[in-house]
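Q: Any chance you could fold what I've pasted below:
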Amino acid sequence: MLHICYSRGHYIGQLRRHGYRRWKTVTGKCRSAEGAIAAAARAANRGEWKRLRVLFIDSSGWYEPNLIFEGKQ
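A: Numbers count the residues shown, from 1 in each chain. Below you'll find the model as predicted:
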């Protein structure tokens, strides 16, 4: 029997200031990781944000959020 794991969910982009611990979600639900990265980068240019990350949120409830991308300024 063949088992294919097809994850369903969405991506979100988050920003964090240098020295802070909490992340702020700045994007809505994005269909692709590239779209979430672009939206978070646009939001980072408007403020004093230093760190950026993109998470994949699984909608089935079986998996925790998965880190897809992380960057810093």
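
Q: Poorly predicted segments of this protein, please.
A: 1-5 (pLDDT under 70).

Q: can you give me the helices for it?
A: 33-44 (DSSP state H).

Q: any idea which residue sits dead centre in it?
A: residue 54 (2.1 Å; Cα atoms, centre = their mean).

Q: Just list the residues touching that one, thanks.
A: 11-14, 33, 36-37, 40, 67-70 (Cβ atoms under 8 Å, 6 or more residues apart in numbering). C-betas here are computed from N, CA, C, even on glycine.

Q: now do residue 61
A: No contacts exist for residue 61 under Cβ under 8 Å, 6+ apart.

Q: any residues touching stretch 37-51, and which ones?
A: With contact meaning Cβ under 8 Å, 6+ apart, stretch 37-51 is reached by 13-18, 26-27, 30, 52-54, 69-73.

Q: Can you list the buried residues in that stretch?
A: 37, 39-41, 43-44, 49, 51 (16 or more other Cβ atoms under 10 Å).

Q: next one: stretch 55-63
A: Buried, per 16+ other Cβ under 10 Å, within stretch 55-63: 55-56.

Q: For residue 14, which non-adjacent residue is closest in space?
A: residue 23 (4.1 Å; Cβ to Cβ, 6 or more residues apart in numbering).
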